[in-house]
Structure formats: structure tokens, C-alpha cells
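S.K.: Provided below are the primary sequence and the corresponding predicted coordinates.
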Amino acid sequence: MPRQDTLFRTVSVLRDPTYRRLWVSGLCSNMARWMDLVAVGWIALQMTGSPFMVAVAAFARSAPMMVLGPFAGIVADRVSRAHLLLVTQAGGTVTALAFLAMFALDAAAYWPLVALEGGFGILWSLDFPARRTALFSVLGASRVAQAVSLETVSMQIAKMVGPVVAGACLASLGPAACYAVMVAVFAVGLAATFGLRRRIASSPAARPAPIFATLASGLAAAWASPIARAVLLITIAMNVLLFPYQQLLSVFAQDVLAGGPRTLGLLVAADGVGALAGALALAAHGGSLSHGRLFATAVLVAPFGLVAFSASRSLAVSMTLMIAMGLAESGFAAMQSTLVLLSAPAHARGGAMGILSACIGTQPLGTLVIGALAGTLGAPRAFALNAIAALAVIAPVAIPLVRGRGATRR
């Protein structure tokens, strides 16, 4: 049966030992990222009491992707992707150790925390294009949708487990314990990455063009593709107007739900539960459906979920709505990379992913705005206003994709 065949193809990619190592290292990297998001959001709020200063810390983590993303993508096309992933995992381990030392020695302060967040941001800006193009080089176009969907599964497992672990550590043992767990997670990812050094092919150009010329040609190629152009525009809108709410969930948990770090962890984990369910469904069946239609439907549904979430005053209702948001976000996350990878020429996939990562990296601009709004109007109103603005911008671009003008599996 077609669905059984699709499920078999999806599961079969895990039989590839190189892909398994990529998957494990990606799971660890994402686990650490979500633990850090919860930990820093809560710690910054307790240090400053200011939603805007929470947003500044989140800005430091996200801004490097906006600035460095396109260049990181070009680097991923020109050097060993396995070595680049090794650098990001090792750098993450060292940065987590620095956080651990800061809290263990009772030397924590807000601005050093922001500086270390900037270090994480640089590493994650390198990791994204290298990891996604490595997936393509290992499995090829015929299985990239399944590979990216399973990668999204690992992201959502991390999003479901990491925040709960971080919240529990913060509530019971303190920040030092949280970052000690993060060091261990990075160490496991580093071990998995070591085995990739001779398994991922790299094919840099014999005479690569200058970096800025490569960047200009990549942007021109992306803009010339209707699908890639739509994905990039929607990605900017989602990251500037919708996703910044994630950085201020600590404010919502404390000020609206009267909770602590465990409440924050549960909210983020509920988002991960929904996203995991969506990613598993996409991994099993998404490869045979219209990628463009799935992508567009997801981005049109998400703003409605955020408006409803902003009106909730119950933890149970808020968690249910976070599950619904997670379902929509999984479709967005899996299909955006799939569409860009399939539309990019073979010699510029890393550059294309770098451009996509720069679009994702625009989130800190929205984070500062929503932080200022939350400080003035409160988190619920800030969330609702952002969601309405996101829908107004996204709808004209996404509706044509829902009507069928989207890419399907190759």
C-alpha cells in the first residue's frame, strides 16, 4: 500500500549508519538548544525582572544567525561538513562548560550571560546549513523529505524533553545542574560526530568564486524561484512576527499563569509534544504529499493558535493550545528546508540553506519588539498583536500555495 511504502522508506533511512550518527548528534544539539532557551529565559527574568531584558538575551542568541547565516552556508559548500559539525559540537561543549563554571562559582551576572548566549548563536548559525546539506549529501533528493522530517522528529523530541529537564533542574537543583546536564548532552553529540569525519562527502569547487559574488548569485537564484521566494518571505514573517513569543514564555508563565520554571518547562514541552506528533506524521506520509501545500497550511494555522493562547489563563488550556501550535510549527519547520533543498542547484545547497538560516535569524528583530510590547502592554496582548500582524503578512503569499502552486516530492 502507498502509505506503508512511504513509512518503510522513511524508517529505512535510519538504517544508514552515517544518517544515524547525524540524527543522534542533531538530537543532542537540539536538546541543548531547548534547555538553554528555557534556562536563560528564566534566569534573565529573575536577574532583571524585565521582559525587554529577557528579549535582549534572546537577541544575543539569535542575531548571529541573521548576520552569519549566508556566509555559514557558503562555508558549508566549501569545507568538510563533518569537520564543521565537529567544531560546532565541541564549541557547544566548551560554552556550556563556561556557563556551568559561572553558576558553580556563584559568579553569574547578566551581561556575561548575554555574551555566552552570543557564542551559542555563532555555533548554531554554523550548524544549521552544515547539518541540512549533510543530510542531502548522504541520502540524496529521493529521500530528502523523509530525512528532513526525521530530523524534525529529533528536534521535537528535544523540544519535548529538554525544557522539562531544564525546568526541573532550575526548580530543584539550580542553574549549575542544568548546565551540567547540558555539558553531558553535548558530549554525547560530540562522540557521535567524531564518527562522521570520513563518511560525509565534500565537493568544494576547484576555483570557488569570491564569497560576496557567491552570496549575490545565491540570492538571485533564490529570488528567481517562486517556491524558494515564497518560503523565504514567509520564513522572515514567521520569525519576526510569530515565533518571538517563544522567548517570552517565561514572562507568560510567571505573570499570567503564576507559575515557576516547571510551568515554563511544561509549556515549551507541550509545544514539543504537538510538534513531535506532527513530525512523525510528516515522516510517515509527508513525502507523498504537496510540500508547498503542507507548508502554507501550517503557517496559516499557527497565528490562530497564538491568538487563542494569548487569551488563556489556565495551564491545562495553555498546554493544549501549545500542542496545537506545535503541530503547525512542525509542518512549517520540515517543509521549509525540504522546499529550499529541492529548489536549489546542487553546487549551492549550502548557500541556499545559509540564506534560509539568515531568514530564520531575523527572529531577534521581532524579539526586541515583542519584548518592548510585553513590557508596556503585557505578554498576552503582545502575543495577540504579533499573531494578527503575522497572519496579515503571510496570507497573501501562502494562500496561492494552498491552492496547489507548490512543490511535491521528486
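M.R.: Perfect, I can see it now.

S.K.: what residue ranges in the stretch 251-400 of the chain score low on pLDDT?
M.R.: 283-289, 344-351, 354 (pLDDT under 70).

S.K.: Can you dump the C-alpha atoms of stretch 380-399 in PDB for me?
M.R.: Output in PDB follows, covering the C-alpha atoms of stretch 380-399 (Å, rounded to 0.1, in the frame of the first residue of the first chain):
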ATOM      1  CA  PRO A 380      -0.900  38.300  26.300                       C
ATOM      2  CA  ARG A 381      -1.600  41.500  24.300                       C
ATOM      3  CA  ALA A 382       1.800  41.400  22.800                       C
ATOM      4  CA  PHE A 383       1.400  37.800  21.600                       C
ATOM      5  CA  ALA A 384      -2.100  38.500  20.100                       C
ATOM      6  CA  LEU A 385      -0.900  41.700  18.200                       C
ATOM      7  CA  ASN A 386       2.100  39.800  16.800                       C
ATOM      8  CA  ALA A 387      -0.100  36.900  15.700                       C
ATOM      9  CA  ILE A 388      -2.600  39.200  13.900                       C
ATOM     10  CA  ALA A 389       0.300  41.000  12.100                       C
ATOM     11  CA  ALA A 390       1.900  37.700  11.100                       C
ATOM     12  CA  LEU A 391      -1.400  36.500   9.500                       C
ATOM     13  CA  ALA A 392      -1.800  39.700   7.600                       C
ATOM     14  CA  VAL A 393       1.600  39.500   6.100                       C
ATOM     15  CA  ILE A 394       1.700  35.700   5.500                       C
ATOM     16  CA  ALA A 395      -1.800  35.200   4.000                       C
ATOM     17  CA  PRO A 396      -1.200  36.800   0.500                       C
ATOM     18  CA  VAL A 397       2.000  34.700   0.000                       C
ATOM     19  CA  ALA A 398       0.700  31.400   1.500                       C
ATOM     20  CA  ILE A 399      -2.800  31.200   0.000                       C
END
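
S.K.: buried sites along that stretch?
M.R.: Within stretch 380-399, the residues that count as buried by 16 or more other Cβ atoms under 10 Å are 380, 382-387, 389-391, 393-394, 397-398. C-beta coordinates here come from the backbone N, C-alpha and C atoms, glycine included.

S.K.: Pull the most distant pair out of those residues.
M.R.: Using Cβ to Cβ, the two most remote members of the buried residues of stretch 380-399 are 380 and 397, lying 27.2 Å apart.

S.K.: any residues touching the strand or helix carrying residue 185, and which ones?
M.R.: Under the criterion of DSSP states H and E, residue 185 resides in helix 175-194. Residues from elsewhere that reach helix 175-194 (Cβ atoms under 8 Å, 6 or more residues apart in numbering): 21, 24-29, 31-32, 35-36, 39, 43, 82, 85-86, 89-90, 92-93, 96-97, 99-100, 103-104, 108, 165-166, 169-170.

S.K.: you'd agree residue 163 is in a strand?
M.R.: No. Read with DSSP: H, G, I helix; E, B strand; the rest coil, residue 163 is helix and lies in no strand.

S.K.: tally of neighbours for it?
M.R.: When neighbours are defined as other Cβ atoms under 10 Å, residue 163 has 29 of them.

S.K.: Now it: closest residue in space, sequence neighbours ignored.
M.R.: Nearest residue to residue 163 in three dimensions, chain neighbours excluded: residue 268, at 3.6 Å (Cβ to Cβ, 6 or more residues apart in numbering).

S.K.: hang on, the one you found packs against residue 159?
M.R.: Yes. At 6.8 Å, residue 268 counts as touching residue 159 under the criterion of Cβ atoms under 8 Å.

S.K.: any residues in contact with both of those two?
M.R.: Counting by Cβ under 8 Å, 6+ apart, the common neighbours of residue 268 and residue 159 are residue 34.

S.K.: in the stretch 201-350 of the chain, which spans are helices?
M.R.: Along the stretch 201-350 of the chain, the segments classed as helices by DSSP state H, counting those that start in this stretch run 211-224, 226-237, 249-251, 261-285, 291-311, 315-343, 349-360.

S.K.: Apologies, that question was intended for the stretch 51-200 of the chain.
M.R.: 51-78, 81-104, 110-139, 144-172, 175-194.

S.K.: so how far is the first one off the chain centroid?
M.R.: Read that as helix 51-78. Its chain's C-alpha centre and that of helix 51-78 lie 12 Å apart, by Cα atoms, centre = their mean, to the nearest Å.

S.K.: With the second one instead?
M.R.: Offset of helix 81-104 from its chain centre (Cα atoms, centre = their mean): 18 Å.

S.K.: coming back round to it: who touches the residue nearest to residue 163 in this structure?
M.R.: Residues in contact with residue 268, defined by Cβ under 8 Å, 6+ apart, are 34, 37, 38, 159, 163, 246, 249, 322.

S.K.: Dump those into CSV; add distance to residue 78 as well.
M.R.: Shown next, in CSV, are the contacts of residue 268 (distance: Cβ to Cβ, whole Å):
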residue, distance to residue 78
34, 30
37, 30
38, 35
159, 31
163, 36
246, 33
249, 38
322, 40
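
S.K.: Now, of the residues you listed, which are buried?
M.R.: Buried among those (16+ other Cβ under 10 Å): 34, 37, 38, 159, 163, 246, 249, 322.

S.K.: any idea how far the fifth one lies from residue 34?
M.R.: This points to residue 163. Applying Cβ to Cβ, to the nearest Å, the value for residue 163 to residue 34 is 6 Å.

S.K.: Give me the common contacts of those two.
M.R.: 268, 272.

S.K.: Burial check on residue 191, number of neighbours?
M.R.: Residue 191 has 14 neighbours, counted by other Cβ under 10 Å.

S.K.: Next one: it from residue 132, what distance?
M.R.: Residue 191 is 21 Å from residue 132, by Cβ to Cβ.

S.K.: same question, residue 28
M.R.: Residue 28 sits 16 Å away from residue 132, going by Cβ to Cβ.

S.K.: So these two - more neighbours on which side?
M.R.: Between residue 28 and residue 132, residue 132 has the larger neighbour count (other Cβ under 10 Å), namely 28 against 25.
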